[in-house]
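**Q** Got a sequence here, can you build the structure:
(2 chains)
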Amino acid sequence: MKLEIKNLTKTFGGVRAIDNVSLAFPSGSLSAVIGPNGAGKSTFFNLISGAFRADSGQVLLEGQDVIRLSRVERMRRGIGRAFQVASCFPTMTVAENLMAAVAAHVGQWGNLYHRFPPPGVRERAEQVMELVGLTQVPNIEAAFLSHGDQKLLDIAIALALEPKVLLLDEPTAGMGPDERWRMIERVRGLWEQRKLTLVFIEHDMDIVFRVADTVRVLCYGRVLAEGTPDEIRNNQAVIDAYLGTEAHAA
Amino acid sequence: MKERAALREAAIAAVVLIAVLAIPFVHRSPAFEDFVIRLSAMALFATSLNLLIGNTGMVSFGHGMFYGLGAYVFGLTMQMTDLSLPVAALLAVLATTLAALCVGAICVRLGTDYFAFITLAVQMLFYSVIISWQSLTGGDQGLRGGIPRREIFGFELASQLHLYQFCAIVAALGLLALRHISASPFGQTLRMIRDNEYRASFLGVVLWRARLRAFTIAGAFAGLGGVLAALFVSGAYPELADWPNSGQAIFAVMLGGINSFLGPLLGAMILLALNDVVTRFTEYQGLVLGIVILVFALGLRRGVLDFLKLAWPGRSR
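**A** Numbers count the residues shown, from 1 in each chain, chains lettered A, B, ... in the order given. Down below sits the predicted model:
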């Protein structure tokens, strides 16, 4: 599903966090969004997913503007997201997290008649668990999972809603080098299997340049550059603003 | 497997109920029977409150208003009309349901602190109305003249034994219903809200609607508890709807354990037993109760059942 952003603007008390940003993410693409801290990357995701209301602009899904829709309605149209700090339900087990997510997604959250989980939900939750590789820990409470598994569970909750567009806010945040690569390989696998339009925020330039098809650079709420990893690596404006000489040398 | 869990719970409830019902045939003890009658009311009151506190993370300080309302509506209906007891009880539960819906509509959108605060405020308002509306409620004297105890299904509630049986059955059914709600997908949704409401809202849960529904259900069951309380005291008193009574329910929940379904029931038992024993020796029961609460809060740091669950893990909820 194609995601297109047109003239998106958001100000916080006079600061333009996102300033007239227009970007297109073709269907089935794997894109990275990079930029210095405070560039507006997370705000950008919050505007697309409906967590924040935009001041102006459009968010188009297959050409349909969803900017006025609620976060839930956008989720139903196919926008899924995971969070920078893993966001799951800490006192529930991995399986319960996913079954609850699926139950909510299929409109069963208010069901008073069945026992939890409602019919059909367990199977879907198990599929997602298998997909992301959490089958070893179905009965562990989320609070006791390793940091990496919590991030995976967060992504799994997003996947349980069967998104077409998936926004991942720093999927490798807080991980060691090896764990980062395992994580990003998994994310790449999911992208291939599910034919997702995947956008991720990432600070590790090695990962960005090796994994992403295209890279978008945000700086002070504006699009500084976009292009293939090679183009970005050699873009003088990006080097000056963000990459610096070190990354250039690498 | 989950059907089996439901069956198992129903079977356990049935066995306990039968045992409770059988006791008077072996040994009659008015004190024990009184205890069970009061416990029935208190258990429904506290367990329904825990649907808010433990399941949803909404600490209501005003739950007593629904308990009191159930008692008053039931008492007044029985006194002023010729309706049969079950109909009057049903009316009382309906009235509390409606009241909880209205109060909840105002309260549930507020954040945690203000939610606690405003439920307390509404309860005080309600209490003042009971005190001031003397012609209807009897003011601070309460509803006097007794509740006519018309026979139902062969139960003669004027007899202590029949009242005992009736209360035990109603409480068992009420607790089973609450258990079912807590184990339903909706019950799980309430846990999602408690754990992480932000994420729950991204999954399609309409937070205020879920909270309002939990608040309404809790109010309804508190009202049912109030009906039993009215039957026990054969009237209704403003104290039932006063904030110290809400505090009693919170104590029961905290003593027994907020993360166990049966915690509030156990807490209600401890609280009532403590009151009975302590009042025999001293009039300073508040002092003793306070010390016990401190021991729980500072020593165990959780209610009895939650503590046991932590000490012997492996068995869930």
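**Q** Which residues are in contact with B:M58?
**A** B:L52, B:V108, B:T112, B:F115, B:R211, B:A214, B:F215 (C-beta atoms under 8 Å, 6 or more residues apart in numbering or on different chains). No exception for glycine: its C-beta is placed from N, CA and C like everyone else's.
**Q** Next one, pLDDT for it please.
**A** In this prediction, B:M58 carries a pLDDT score of 93.
**Q** where does it land in three-state SS?
**A** Per DSSP: H, G, I helix; E, B strand; the rest coil, the local secondary structure of B:M58 is coil.
**Q** Can you flag the buried ones in the contacts of B:M58?
**A** B:L52, B:V108, B:F115, B:R211, B:A214, B:F215 (16 or more other C-beta atoms under 10 Å in any protein chain shown).
**Q** Can you add distance to A:G189 and secondary structure and give those back as TSV?
**A** Converted to TSV, these look like this (distance: C-beta to C-beta, whole Å; DSSP: H, G, I helix; E, B strand; the rest coil):
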residue	distance to A:G189	secondary structure
B:L52	43	helix
B:V108	42	coil
B:F115	44	helix
B:R211	39	helix
B:A214	40	helix
B:F215	44	helix
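**Q** out of those residues, which one sits closest to chain A?
**A** Distances from chain A to those, taken as C-beta to the nearest C-beta, are shortest for B:A214 (10.5 Å).
**Q** ok, the closest one touching B:N55?
**A** Yes - the criterion here is C-beta atoms under 8 Å, and B:A214 meets it with B:N55 at 7.1 Å.
**Q** which residues do these two both contact?
**A** Taking C-beta under 8 Å, 6+ apart as the contact rule, the neighbours common to B:A214 and B:N55 are B:L190.
**Q** returning to that earlier point: what is the nearest of the buried ones among the contacts of B:M58 to A:T93?
**A** Lowest distance from A:T93 to those (C-beta to C-beta) belongs to B:A214, with 22.1 Å.
**Q** Let me see the contact set for the residue nearest to the closest one when sequence neighbours are not counted.
**A** Excluding its sequence neighbours, the residue lying closest to B:A214 (C-beta to C-beta, 6 or more residues apart in numbering or on different chains) is B:T56, at 5.1 Å. Counting by C-beta under 8 Å, 6+ apart, B:T56 makes contact with B:L190, B:R191, B:I193, B:R194, B:A210, B:R211, B:A214.
**Q** want to throw those into TSV with distance to A:D19 and pLDDT?
**A** Converted to TSV, the contacts of B:T56 look like this (distance: C-beta to C-beta, whole Å; pLDDT from 0 to 100):
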residue	distance to A:D19	pLDDT
B:L190	41	96
B:R191	41	96
B:I193	35	95
B:R194	38	95
B:A210	37	95
B:R211	37	95
B:A214	42	97
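**Q** what does chain A have sitting close to chain B?
**A** A:49, A:51, A:71-72, A:75-76, A:81, A:83, A:87-92, A:96, A:99-101, A:103-105, A:107-118, A:157, A:161 (C-beta under 8 Å from any C-beta of the partner chain).
**Q** out of the residues you listed, which are buried?
**A** In the residues of chain A next to chain B, the ones that pass as buried (16+ other C-beta under 10 Å) are A:49, A:51, A:71-72, A:75, A:81, A:83, A:87-90, A:92, A:96, A:99-101, A:103-105, A:108-111, A:114-118, A:157, A:161.
**Q** Fine by me, thanks again.
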